[in-house]
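In: Curious how this folds, go ahead:
(2 chains)
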Amino acid sequence: MTATMKTATSGKTTCPYCGVGCGVTLTLPCSTNEAVPPVSGDEDHPANFGRLCVKGSSLAQTIQSDDRLLTPMVDGHPVAWESAIETVSAKIAQVVKDHGPDAFAFYLSGQILTEDYYVANKLAKGFIGTANVDTNSRLCMASAVVGYKRAFGSDTVPCNYEDLERCDLLIMVGSNAAWTHPILYQRIAAAKQQRPNMKVVVIDPRETATCDIADLHLAIKPGSDAAIFSFLLSDSVQSGILDDDFIANHTNGFDLALAQANESTLSLSFTADFCAVSEQDLTSLACWWRDTAKTITFYSQGVNQSSSGVDKCNAIINCHLATGRIGKEGAGPFSITGQPNAMGGREVGGLANQLAAHMDFATPGALDLVRRFWQAPNMATENGLKAVDLFQAMEEGKVKVVWIMSTNPMVSLPDTAQVRRALEKCELVIVSDCKAHTDTTAMADVLFPATGWSEKDGTVTNSERRISRQRGLLPAVGDAKHDWWAICEVAKSLGFSAAFSYQNVHEIFAEHAALSTFENNGKRDFDIGHFAQITKAEYDSLIPVQWPVPKGRPEGTKRMFKDGRFFTPDGRARFIAITPSLPKNQASQEWPFTLNTGRVRDQWHTMTRTGDAASLAKHTAQPYVEIHPKDAKRLGIEDKALVRLTSPYGEVLLKAKLSRAVAFANVFAPIHWTQQFANASVVSNLIPQVVDPLSGQPESKHAQVQLEAVTDICYGVIVSAAPLVLSDCLYWCQVPSEQGYHYEVVWPNGQTQASLKSIDVEQSQDSAEKAEWLEYSNPLTQQIRLAKLIDQTLTLLVYMHPQPESIMADWLISKLAIDTSLSIQDRLAILVGTPANIEDKGEIICSCYQVGSKQIEKAIASGVCSVDALGVKLKCGTNCGSCLPELKRFIPIVTELSA
Amino acid sequence: MPSLISQSGKRLVNQTDKRRLVIVGAGMAGSKLAHDLQQAYGHLYQITLIGEEPKVGYNRIMLSSLLASDISHADMALVDTQKMQDDGVQILSNDPVTSLNLEMKILHLSSGQEIAYDQLVLATGSRASVLPIKGISASNVMGFRTWHDVELMTQLKGSQPICVIGGGLLGLEAAVGLMKRGHKVVVFHRSNWLLNRQLDEESAVLLLNRLKEMGVEFRLGESPESFLQTDGDRVSHVVCQNGDQLAVSLVVMAAGISPEITLAKAAGLETNRAILVDERMQTSRADVYALGECCEFNQQTFGLVAPIWTQINVLMKVLVGEESAFVIEPTPTKLKVSGVNLFSVGKIQPSAEDSCIFFKDVSANHYRKLVVNDGLLVGAILYGNVADGSWYFQLIQNKTNVSDILDLLVFGEAYCCPKVA
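Out: As a prediction, the model looks like this:
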């Protein structure tokens, strides 16, 4: 690594955030002490051609985190890797011996690399003997996987990003791509600008930023998506746009699917009513659908995170199959993933209902094939536990050891209280992470320090099946190790040395490629046999390529299903008969509001990385809930006020954001804030563990909640040089800042100057006598503001006000811990929150009229030449006259100067 | 026109057909009135200015600066008396008026001179209050009112122990002035905190600490028990209430002032604490006016210069027959001690219906307290940084509604002005 650092000045890698998978160029600092310069987009990468969104652009800010996990920890104590590995493997061996292999589980992540995924999957399914390998991808695209598999016989994304630019109609369903997949959105927006005839339709209960480019927005009733597409299927028949040849030669099940669609969407008015959209809008969509062969349906979590997510996917796919709008340029059902390597996980089979390399346990011959390939002694033979089931089994005591990697289930899985109970019950919780403090590392018995982005080395696959290298350009921090290394070490410790003795990561990729092509012969879509003998040099210079990449086709595959051949036993795609259904829980008197969840523009997942970039906190500093103004008024909730959301599973405190983007009786909350950033805003507290019966994907975008204004409170802002434990606050949110610590807080009423002064008592290293306090108190506005200085240096600012107020915290933060003592203006300004544009009067000469030396000099410079004239101009000296002597002295002084 | 011949048959000085306006008292009010009136209406009036002090037309406010040697004698002039005389103002100094005959419209001066007037203005000022303390009339117990007082103080050589009685504006200015001259000064103050009419306790503590740093000593909440005279008519010791005896070579009385109304009272003008005047500055007698520290309007007397300047403007208009009426407005107070900045105006002790906004930066000696009532600023104390004093004063004077700027009010004009505009 050091050698690399000396020779290379920059390197290409891929962004660790969303599923677009943009190429990133990272310039290396000259020495390890220097900060990494801002990254840029890789102009050669086909996902982004040099562009980066704000999150990607801020990656350099997230590299030097002060919260890295630097060493393995067992029960809170740092230990050597050998010892931690031994602890883990001994416990795994014991529970497997005593309770069987299903007492162990991996819970992985779409952020680990394909090679990490591969060895984890291999260890569990082939050597320990359990299929309890699930991942946070379960939460993001499991429904899309099952939808594709039901229709195509394989988990195959048919389209590519160019199709988005070449289609004439883009139907975006359940996607706020403008914020969640910004580079794709920008490519779409640019294409639409170039070809104004290209139509964009957004189907989303919310009016999101993505609607900016939409010709039509269908603000459907939450979860009613499938009815729209069932209606389009019926309408396609009536309007005569069916591709009869395609249906006849390449599909099965059309009649049943159509009959079901007809039955469930009886009429335009029925469907419009079911989806709560206007007939006119639905007709517009239908007309455009009829007239536009080159149509892409682009869908994401809004479709997938649903109790009927798989059916929604198939309702979409049905329409494309019926009209033959698949396998062609600018046409197809296009699922967009949320994570950088959700696709890679799917490819290795790193999910509980997959075996390996796009083979399932039920795939005839697959089990034997994989056993022989791996030379596996303990093959799992049936599906393992999907995420929610896994944590329920953990709570029931069935799963006794879990190894969690690069994910934060305490925040991302539904019903956090259940997840907590499960992890508390679990006998050994192993967490591999690059961060020391997450809501999940807090639950761990063993912590493994993982390499983070820019250090870890391997491959990822983006939403268009493109495999790219994520490169280890910087040396690992502390004792951090690659995840694949840690897994292999545990495997070796368990006695599986022969199968896990990889010297280098490319060997894992080569094995993964070899398995994909092993006895494949075109039967399986996922074949990257071209890489089965890849060398380290080839691996390190891998050019992004779309799979399949079978032997002899190194250029990969841009688009799938061009030949109308699918991966079902008979090669025909399947129509699925769909009955549109609404989310499982519906509004009741007790829980009258429907909560939708999602993302904000500048944060990603649980902020473990984006939370390190202060600039990314500027867009949305605090967790919030979008409420329709009418609902807010009825409940007495003001904009920015604290709101309590309650569901049968828990509660959260969020700041109200009044917005007509949400429908009446609907609310929206972003999912990012963890207990590391806010004490009471983990939105998954509210979400029921309702899952799609086929995919096991939770209905995380839907919960029934109650809403109330929190009363008898006051609001505040705290800026501190040191981190604080804010136990007196009802609510606090730490807003990432360039320096120091910025908290937005809410206290229960009854705070006093004295109580606020003791806010940092636990943390303060300085004796109370050394503290200088600056105080502002205003009973008329119920404001209290305090500043604490130690040795003339600002260390703490506390603002309290009865209503939410916007304070320029950035400016206040800039005053923290500055070396020079604060000016007299700044000593005032730090309690105002903003610098005043104060004229520097100089030393006050006339105290009656507060006229200062600089004003007088200025007046004289402008031609005033007597004391009387000064009095006329500035009033100085015209009251008590006690300054007249000094005024007189000014006249010659300045005249001399100017002479 | 009244006769120009007095009853004694003596020819009066003035023989023009101008109206004879006589001003008794050549302090700040009288001198400035004479000066301004001569400037504006010299063609209508023959002005006579009579003063009991040898020096007239000086700026009494500057006495403390003079005592502290911050300024020179040349800086003391309030008006140019030489020019006034050249312009025709008759100035009679060092010649107190001994009696006034309202019927005859004649004044008798201590020199024996008699002066007739058509219109009379009393500007007799005030004197240091005399407290009922044993020994108060001793020769080394003095006030701090006149240039002469300052001359006596400056004659005191070496480092002498001095007691100043009264921790108000005057007392503190005297104390600091004397301290700066090298004397060892102890201030007795009856109230528990200094400038108790201008400051609250918290700001007074800042002032106290500052003055202590400068070297002045204080006995707060305490009046002297008595002045011990062991050396003839001179006080040698001030006896404290706890029996302590402080050796002194001088006692300066600065515990309040009393309007000088002896002449008016004897002449039969209506008086209370001071000479009663109406809003036109007219006394109970037509053609007799009073202004300055000797007058009383609406149960109020005046010790600060600003309202007195207003009174002069009112009276000048009244004299030439224009409509004008004096209105009492809050007046800001400052302490003329270099290195100490304080500003106080209006109501500073809140009552139940008032609210106080505070800014405190004690270690930087910066303190602000604003008293607000029903959307109006009614009082302000500033200590340390007084830059916004005149702005607060304007807000009070103009009765500006500050309801919309309550959150920024205490931070001053620079923050609030965009909002007010």
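In: Which pLDDT value belongs to the most centrally placed residue in chain B?
Out: Per CA atoms, centre = their mean, the C-alpha nearest to the average position across chain B is that of residue B:303, at 3.8 Å. Looking at residue B:303, its pLDDT stands at 88.
In: my guess is it meets residue B:293, correct?
Out: Yes: with contact defined as CB atoms under 8 Å, residue B:303 reaches residue B:293; the gap is 6.0 Å. In this view, the C-beta of every residue, glycine as well, is placed from N, C-alpha and C.
In: Need the overlap of contacts for those two.
Out: Residues within reach of residue B:303 and of residue B:293 at once, by CB atoms under 8 Å, 6 or more residues apart in numbering or on different chains, are B:126, B:257.
In: Which residues are in contact with the residue nearest to the centre of chain B?
Out: Contacts of residue B:303 were listed using CB under 8 Å, 6+ apart, and they are B:126, B:257, B:293.
In: hey, what's the second one bridged with?
Out: Beta-bridge pairing of residue B:257 under DSSP bridges involves residue B:128.
In: show me what contacts it?
Out: Shown in contact with residue B:257 (CB under 8 Å, 6+ apart): B:126-129, B:145, B:170, B:293, B:303.
In: And the first one, by the same measure?
Out: By CB under 8 Å, 6+ apart, the contact set of residue B:126 is B:145, B:257-260, B:293-294, B:303.
In: Helices along the stretch 101-250 of chain A, start to end?
Out: Using DSSP state H, counting those that start in this stretch, the helices found in the stretch 101-250 of chain A span residues A:114-122, A:142-152, A:161-166, A:177-180, A:182-194, A:225-238, A:244-250.
In: Kindly report the same for the stretch 51-200 of chain B.
Out: Using DSSP H, counting those that start in this stretch, helices in the stretch 51-200 of chain B cover B:63-67, B:81-87, B:147-155, B:169-180.
In: Residue B:407 in helix, strand or coil?
Out: Look at residue B:407: counting by DSSP: H, G, I helix; E, B strand; the rest coil, its state is coil.
In: and after the worst-scoring helix or strand of chain A on mean pLDDT, which helix or strand comes next?
Out: The least trusted helix or strand in chain A, going by mean pLDDT, DSSP states H and E, turns out to be helix A:2-7, with a mean of 45. For helix A:2-7, the following helix or strand on the C-terminal side (DSSP states H and E) is strand A:10-14.
In: which other helices and strands contact that next one?
Out: strand A:23-27, strand A:466-470 (3 or more CB pairs under 8 Å, 6 or more residues apart in numbering or on different chains; DSSP states H and E).
In: What strand or helix carries residue A:669?
Out: strand A:666-670.
In: what pairs with that strand, and is each one parallel or antiparallel?
Out: Strand A:666-670 has these strand partners (DSSP bridges): strand A:593-598 (parallel), strand A:624-627 (antiparallel).
In: just checking, which of the ones you listed sits deepest inside the structure?
Out: Across these, averaging neighbours per residue (mean count of other CB atoms under 10 Å in any protein chain shown) puts strand A:624-627 on top, at a mean of 25.
In: Please compute how far that one lies from its chain's middle.
Out: Taking CA atoms, centre = their mean, to the nearest Å, the mean C-alpha location of strand A:624-627 is offset from the chain mean by 18 Å.
In: residues making contact with it?
Out: A:206, A:637, A:643, A:645, A:654-659, A:661-662, A:667-670, A:707.
In: Repeat that for stretch B:148-163.
Out: Under CB under 8 Å, 6+ apart, the answer for stretch B:148-163 is B:53-55, B:63, B:66-67, B:142-144, B:174, B:177-178, B:181-188, B:224, B:238, B:246-252.
In: Can you tell me what sits against stretch A:96-103?
Out: With CB under 8 Å, 6+ apart, stretch A:96-103 has contacts from A:95, A:104, A:128-130, A:132, A:378, A:380, A:384-385, A:398-401.
In: Could you rerun that using 10 Å?
Out: A:92, A:94-95, A:104, A:124-125, A:127-132, A:378, A:380, A:382, A:384-385, A:393-394, A:397-402, A:426-427, A:494 (CB atoms under 10 Å, 6 or more residues apart in numbering or on different chains).
In: show me where pLDDT drops low in chain A?
Out: For chain A, applying pLDDT under 70 flags the ranges A:1-8, A:762-768, A:819, A:837-840, A:842, A:847-848, A:882, A:892-899.
In: care to break it down by domain?
Out: A:142-335, A:593-709, A:713-832, A:844-898 (automatic domain parsing).
In: count of residues packed around residue 129?
Out: This is for chain A. Neighbourhood size, residue A:129 [other CB atoms under 10 Å in any protein chain shown]: 20.
In: nope, chain B please
Out: For residue B:129, the tally of surrounding residues (other CB under 10 Å) stands at 14.
In: That one reaches residue B:253, doesn't it?
Out: Yes: the pair residue B:129 and residue B:253 passes the contact test of CB atoms under 10 Å, sitting 7.4 Å apart.
In: Are there residues contacting both of those two? Which ones?
Out: With CB under 10 Å, 6+ apart, residue B:129 and residue B:253 have common neighbours B:143, B:165-166.
In: In strands, which of the residues you listed fall?
Out: residue B:165 (DSSP state E).
In: sorry, back to before: and among the helices of the stretch 51-200 of chain B, the most buried is which?
Out: Per-stretch averages of neighbours, counted by mean count of other CB under 10 Å, single out helix B:169-180 among those, with a mean of 25.
In: Report the mean confidence score over it.
Out: Mean predicted confidence for helix B:169-180 is 93.
In: Could I get the CA-only coordinates of it as PDB?
Out: The C-alpha trace of helix B:169-180 is given here as PDB (Å, rounded to 0.1, in the frame of the first residue of the first chain):
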ATOM      1  CA  LEU B 169     -22.900  61.700  40.100                       C
ATOM      2  CA  LEU B 170     -21.400  64.800  41.700                       C
ATOM      3  CA  GLY B 171     -19.800  62.900  44.700                       C
ATOM      4  CA  LEU B 172     -18.200  60.300  42.500                       C
ATOM      5  CA  GLU B 173     -16.900  62.900  40.100                       C
ATOM      6  CA  ALA B 174     -15.400  64.900  43.000                       C
ATOM      7  CA  ALA B 175     -14.000  61.700  44.500                       C
ATOM      8  CA  VAL B 176     -12.300  60.600  41.300                       C
ATOM      9  CA  GLY B 177     -11.000  64.200  40.700                       C
ATOM     10  CA  LEU B 178      -9.500  64.400  44.100                       C
ATOM     11  CA  MET B 179      -8.100  60.900  43.900                       C
ATOM     12  CA  LYS B 180      -6.400  61.800  40.700                       C
END
